[in-house]
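Engineer: Mind looking at a prediction? Sequence and model below.
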Amino acid sequence: MELNVNLGKDSYRILIERGLLKRAAKEIREIYQGKKIAVISDDSVYAFYGESLLEQLKEYWECSAVILPHGEASKSIDVLPGVYAQLLEAGISRSDLIVALGGGVVGDLAGFAAATYLRGIPFVQIPTSLLAQVDSSVGGKVAVDLKEGKNLVGAFYQPKKVLIDPDVLKTLPERYIHDGMGEVIKYGCIKDAELFALLRRAGSFDGLADHLTEVITRCVDIKRQVVEEDQFDTGERMLLNFGHTLAHAVEQRFAYERESHGEAVAIGMYQITRISEELGLTREGTAGEIRKILESYGLPVSCGVHLSELKEAMKRDKKNFKNSLRLILLKEIGESIIYPSDLSFFEDERMV
């Protein structure tokens, strides 16, 4: 399956195909004829796929690897100087290429490094987690975390190509399959009631086995359309942040060490829908539908803290503008809206 992201000079192709990683070098040759490639990965993903990818690439290019510790802690502004130093040591110039091989942490950090190193060099995304395949590898949002919050330093920087191989998900730990399903369910909630129904019928990730490439493609196609409409996240693209205002606050509250991103998004989607339903903004029963599907895919719906504990982080949310929060709510499954509000939307004493 091939999708094209049409952004003028920043347009690129997304390929979604089982076994695609085995011919990654051939696909990269179509868009890059330079001399050197630096692969940025983490120790976990590299152990599975790094050497075989470098073996392919070395047929055509001089190659080096930057290997980070796995986990959210690597997506930190403090890690970047070390990455830049290794790129310099490898002699990577503005005419060379970075390949991001990994999940959302690697893709975000490698993309930000590409956007800022030597004022910008091209990069390719090869996402290896479900979350990265359906969401973070597409659209050009790249960022690192500060201790004060998630993704607070970033850029819009589109890749030259995205190569998605569903077969690599076979090596993912079960928790990170669940993690990715948080974002998959999000797409059904905000834009695709039929996708939501398919997920509900399947009932588990194993139940999706025969539909996995289709599900990934539907999620990516929704994101592609939204990004083409609103590349810089000023309107329609904000719908992709459903659940994220609470999610980022939950992640920061526990120093990125307890809930994964997809787990936090699951909590955020259910809890904000529960509130909006009580306020009469969402069709009755919607929160219950979301809770059932999240639980069937092994995702949490609560984190056991009061909203007052999360509000400081929400003040720094990127959607907080002039003390107004642009919240993403559902009218019903498959239909989402941008709802201007403020922190008073979240009652201090409510437990989430």
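Structural biologist: That came through fine.
Engineer: Now residue 352. Nearest residue, chain neighbours left out?
Structural biologist: residue 271 (4.4 Å; CB to CB, 6 or more residues apart in numbering). Backbone N, C-alpha and C define where each C-beta goes, glycine included.
Engineer: Then residue 329 would be within a strand, right?
Structural biologist: Yes: read with DSSP: H, G, I helix; E, B strand; the rest coil, residue 329 is one of the residues of a strand.
Engineer: isn't the residue nearest to residue 352 right up against residue 304?
Structural biologist: No: between residue 271 and residue 304 there is no contact under CB atoms under 8 Å: 11.6 Å.
Engineer: so which strand or helix has the residue nearest to residue 352?
Structural biologist: In the assignment (DSSP states H and E), residue 271 maps to helix 261-278.
Engineer: next helix or strand past that helix?
Structural biologist: Using DSSP H and E, the next helix or strand after helix 261-278 towards the C-terminus is helix 286-296.
Engineer: show me where this structure has helices.
Structural biologist: If DSSP state H is used as the criterion, the helices of the chain fall at 24-29, 43-45, 51-57, 80-89, 104-116, 130-131, 174-191, 193-202, 212-229, 244-253, 261-278, 286-296, 311-315.
Engineer: I would like the residues contacting the shortest one, please.
Structural biologist: Looking back up the chat, that one is helix 130-131. Contacts to helix 130-131, defined as CB atoms under 8 Å, 6 or more residues apart in numbering, come from residues 103-104, 169, 172, 176-177, 179-184, 216, 261-262.
Engineer: try the first one
Structural biologist: Residues from elsewhere that reach helix 24-29 (CB under 8 Å, 6+ apart): 15, 20, 37, 53, 56-57, 59-60, 97, 99, 124, 126, 161, 163.
Engineer: Out of the residues you listed, which comes closest to residue 346?
Structural biologist: Set against residue 346, the nearest of those by CB to CB is residue 126 (38.1 Å).
Engineer: close enough to count as contact, that closest one and residue 100?
Structural biologist: Yes: counting by CB under 8 Å, residue 126 touches residue 100, with 6.5 Å between them.
Engineer: rewinding a little: quick one, which of the contacts of helix 24-29 are buried?
Structural biologist: Among the contacts of helix 24-29, those classed as buried by 16 or more other CB atoms under 10 Å are 15, 20, 37, 53, 56-57, 60, 97, 99, 124, 126, 161, 163.
Engineer: Columns pLDDT and distance to residue 201 on top of those residues, output as CSV?
Structural biologist: As requested, the buried ones among the contacts of helix 24-29 are exported to CSV (pLDDT from 0 to 100; distance: CB to CB, whole Å):
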residue, pLDDT, distance to residue 201
15, 98, 28
20, 98, 27
37, 98, 42
53, 98, 36
56, 97, 38
57, 98, 41
60, 97, 44
97, 98, 42
99, 98, 37
124, 98, 35
126, 98, 31
161, 98, 33
163, 98, 29
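Engineer: So which of these belong to strands?
Structural biologist: With strands defined by DSSP state E, the entries of the buried ones among the contacts of helix 24-29 inside them are 15, 37, 97, 99, 124, 126, 161, 163.
Engineer: that older thread, could the helices of the chain go into JSON lines alongside distance to residue 2?
Structural biologist: Rendered in JSON lines, the data for those read as follows (distance: least, CB to CB, whole Å):
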{"stretch": "helix 24-29", "distance to residue 2": "11"}
{"stretch": "helix 43-45", "distance to residue 2": "24"}
{"stretch": "helix 51-57", "distance to residue 2": "20"}
{"stretch": "helix 80-89", "distance to residue 2": "30"}
{"stretch": "helix 104-116", "distance to residue 2": "20"}
{"stretch": "helix 130-131", "distance to residue 2": "20"}
{"stretch": "helix 174-191", "distance to residue 2": "19"}
{"stretch": "helix 193-202", "distance to residue 2": "20"}
{"stretch": "helix 212-229", "distance to residue 2": "10"}
{"stretch": "helix 244-253", "distance to residue 2": "29"}
{"stretch": "helix 261-278", "distance to residue 2": "26"}
{"stretch": "helix 286-296", "distance to residue 2": "29"}
{"stretch": "helix 311-315", "distance to residue 2": "39"}
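Engineer: so what's the residue nearest the centre of the chain up against?
Structural biologist: The centroid of the chain falls nearest to residue 136 when counting by CA atoms, centre = their mean (2.7 Å). With CB under 8 Å, 6+ apart as the criterion, the residues that contact residue 136 are 104, 107-108, 127.
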